[in-house]
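Colleague: model this:
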Amino acid sequence: MQPFMATPEPLIDERVRRVCFYIRSAYMNPIRLTDMAKLVNISEGHLRLLFRRELSQSPYQYLLLVRIEKAKELLLYTELLLTEISYRVGFDEYGHFMSTFRKLVGLSPSKYRKANNPYS
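Modeller: Numbers count the residues shown, from 1 in each chain. All right, here's what the predicted structure looks like:
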């Protein structure tokens with residue numbers, strides 16, 4: 001294969017790319033499916049279908065993953081309280097943050113911090 005023909009990443013629908021960029025830049029704010037769909041001028045249902053087709057997950061699942069990845073960074077590189085981290089990454093309810101983190105990471109946030117802290 002010629003080098004100019006290789007594509008380093010799979011082609012993803014431009015609308016999905018735009019919504020993903022929006023989520024990554026505004027994850028700390030309330031984000032509704034309506035807002036995401038309006039951003040790319042399609043219906044909510046169509047946006048859900050595109051996400052499922054392109055990323056094998058819903059827009060909401062993608063948002064949660066981004067928020068949890070940001071929380072992991074804050075857990076490792078700051079000494080912020082868990083409640084503060086929860087709010088900084090966009091969770092309105094601390095309990096929702098805790099259960100989502102545990103479900104996606106397999107550990108509670110405090111155990112994740114302790115297990116991955118090079119200074120402990």
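Colleague: Spatially central residue in the chain, please.
Modeller: Geometric centre of the chain, nearest residue: residue 66, 1.6 Å, by C-alpha atoms, centre = their mean.
Colleague: any low-confidence regions in the chain?
Modeller: 1-10, 118-120 (pLDDT under 70).
Colleague: helices or strands up against the top helix by length along the chain?
Modeller: Looking across the chain with DSSP state H, the single longest helix is helix 59-77. Counting contacts by 3 or more C-beta pairs under 8 Å, 6 or more residues apart in numbering; DSSP states H and E, helix 59-77 packs against helix 14-26, helix 33-39, helix 44-55, helix 82-88, helix 94-105, helix 109-116. The C-beta positions use only the backbone N, C-alpha and C, and glycine is treated the same way.
Colleague: Minimum distance to residue 71: which of the ones you listed has it?
Modeller: helix 82-88 (5.4 Å; C-beta to C-beta).
Colleague: Render the CA-only coordinates of that closest one in PDB, please.
Modeller: Output in PDB follows, covering the C-alpha atoms of helix 82-88 (Å, rounded to 0.1, in the frame of the first residue of the first chain):
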ATOM      1  CA  LEU A  82     -13.700  13.700  45.700                       C
ATOM      2  CA  THR A  83     -16.800  16.000  45.900                       C
ATOM      3  CA  GLU A  84     -14.900  18.800  44.200                       C
ATOM      4  CA  ILE A  85     -13.700  16.500  41.400                       C
ATOM      5  CA  SER A  86     -17.300  15.300  40.900                       C
ATOM      6  CA  TYR A  87     -18.600  18.800  40.400                       C
ATOM      7  CA  ARG A  88     -15.600  19.900  38.300                       C
END
